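[1] show me how the following folds:
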Amino acid sequence: MLTFAVRRRDPEAMPDWLADVDVAVRLGIDRATVWKWLDAGLLPEPKRVGVIRLANGQKRSRTTRWLRADIDLFVVCGDMTTFRRVKAQRDRDSK
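    Just a heads-up that it's a prediction; the model follows:
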């Protein structure tokens, strides 16, 4: 388990999916700021992975991950408006 945690934070390891702490490190912000920016629409949407059922029947995601490519593009673009435009263009070009 410790090996996994160390390997995940290793800059040489380039996983395709990033946790909130990894996004915070890449952006140079606090982990809580990642969630504040997400709520304000200032970060790309993450993928919700895994589902658990609560006692009251509601569903909740088990974990949240961001695509590394989305975060890298966001860093290059600098804002969500530019990010959305460039990503849409990339998606059109790749088809």
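[2] now the helices for the protein?
    Assigned helices in the chain, in chain order: 2-9, 20-27, 31-39, 68-77, 80-94 (criterion: DSSP state H).
[3] the nearest residue to residue 16 once chain neighbours are set aside: what's it in contact with?
    Counting by Cβ to Cβ, 6 or more residues apart in numbering, residue 68 is the residue found nearest to residue 16 once chain neighbours are left out, at 5.5 Å. (C-beta placed from N, C-alpha, C; glycine too.) Counting by Cβ atoms under 8 Å, 6 or more residues apart in numbering, residue 68 touches 14-18.
[4] which of the helices of the chain sits most buried?
    helix 20-27 (a mean of 18; mean count of other Cβ atoms under 10 Å).
[5] hang on, the earlier thing: what does the model give the residue nearest to residue 16 for pLDDT?
    The per-residue pLDDT reported for residue 68 equals 94.
[6] center of this protein, which residue is that?
    For the chain, the residue lying nearest the average C-alpha position, counting by Cα atoms, centre = their mean, turns out to be residue 66 (2.2 Å).
[7] quick one on the thing from earlier: mean pLDDT for the helices of the chain: which is lowest?
    Here the helices of the chain differ in mean pLDDT, and the lowest is helix 2-9 at a mean of 46.
[8] list the buried residues of the biggest strand by length in the chain.
    As assigned by DSSP state E, the longest strand anywhere in the chain is strand 59-67. Across strand 59-67, burial judged by 16 or more other Cβ atoms under 10 Å covers 64-66.
[9] list the contacts of the closest residue to residue 44 other than its chain neighbours.
    Leaving aside its chain neighbours, residue 44 sits nearest to residue 70 (4.3 Å; criterion: Cβ to Cβ, 6+ apart). Listed by Cβ under 8 Å, 6+ apart, the contact partners of residue 70 are 44, 83, 87.
[10] could you do residue 30 as well?
    With contacts taken as Cβ under 8 Å, 6+ apart, residue 30 has the following neighbours: residue 24.
[11] could you rerun that using 10 Å?
    With Cβ atoms under 10 Å, 6 or more residues apart in numbering as the criterion, the residues that contact residue 30 are 21, 24, 36.
[12] gap between it and residue 81?
    Residue 30 sits 24 Å away from residue 81 when distances are taken as Cβ to Cβ, to the nearest Å.
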